[in-house]
Each structure stands twice: as structure tokens, then as C-alpha cells.
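Q: Here you go, sequence then predicted model.
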Amino acid sequence: MLFGLSLPISLQRRRTSTMLGDGDDDTLRRRIRAQANFTEYTPLALIGLALCELSHAPPSVLMGLGATLLLGRTLHAASLYQNTVPIRVVGMVATYSVLLLQAIWLFMQCLGSR
């Protein structure tokens, strides 16, 4: 997914001859933000998934969290490309939900291990 978000940035940079920043190009700016937002949230969510797996979360929970994360990140990126705020909100809510549910699961596991 990161590759899919990165390549269009390079192509748009070439089209606009913009080597650094966004060159005040709205298309480039949206593509940069879609990629940056992905890199800001996805690593933490993946670490959370790994920690949940290590703490013996049921496979159905892990699959649900992973699918929700994938859906959320896909919707968010698509919304930035298309400038559709409602889809962006759904994407962010999905991502935030994954992070929150992981935190709750891990917190509860810590309480249970005492």
C-alpha cells in the first residue's frame, strides 16, 4: 500500500518539476498527505496487532482488527485523492477504532497478568 501511495507522488513531482515540498500543487499536496498519513498511523497499528497476537488475542479478533485497519487506511487515502470528506471521516474512525481496541485489549491483558 505504501508503494501504491508513493509512486503517484513521484509521477506528480515529475509532471510539475517539483523536487521538494508540494510546489503549491493541490494534487501533489493531497498525494503527499495521503502517503504521510499512512506512514503516521499504520506502523503503530501494526505494532499493536503484533502485541495483541503475542498476548494471545483470538484469530478472529486479529483478523477483524487487520481488516478494519486495511479498510480505514484505504478509505482515508481514497478520500484524499478524491476530496471526499465523509469517506475520510469513515477511514479515520476505522483507524482510530483499531488503535483504541488494541489499547483496551492490551490494557486488559496487563490487568489480568497481575
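A: Cool, got the structure. For clarity, every value in this text was computed on a predicted model and none was experimentally measured.
Q: Leu71: neighbour count?
A: By other Cβ atoms under 10 Å, the residues close to Leu71 number 15. (Each C-beta comes from the backbone N, C-alpha and C, glycine too.)
Q: do the same with Val89
A: Val89: 13 neighbours (other Cβ under 10 Å).
Q: Going forward, count from 35.
A: Yes, from this point I'll number from 35; that puts the last item at Val123.
Q: Checking it next. Helix, strand or coil?
A: helix (DSSP: H, G, I helix; E, B strand; the rest coil).
Q: Quick check: pLDDT value at it.
A: At Val123, the model reports a pLDDT of 96.
Q: pLDDT weak spots in the chain?
A: The model of the chain has pLDDT under 70 over residues 148.
Q: all helices for it, in order.
A: According to DSSP state H, the chain carries its helices in the segments 36-50, 60-88, 93-116, 119-146.
Q: How about the contacts made by the nearest residue to Thr76 once chain neighbours are set aside?
A: Leaving aside its chain neighbours, Thr76 sits nearest to Arg107 (6.1 Å; criterion: Cβ to Cβ, 6 or more residues apart in numbering). If a contact means Cβ atoms under 8 Å, 6 or more residues apart in numbering, then Arg107 has Met35, Phe72, Tyr75, Thr76, Gly125, Thr129 as its contacts.
Q: Filter the residues you listed down to the buried ones.
A: Phe72, Tyr75, Thr76, Gly125, Thr129 (16 or more other Cβ atoms under 10 Å).
Q: And the furthest pair within those?
A: Thr76 and Gly125 (12.1 Å; Cβ to Cβ).
Q: give me the number of residues near Ile43?
A: Ile43 has 19 nearby residues by other Cβ under 10 Å.
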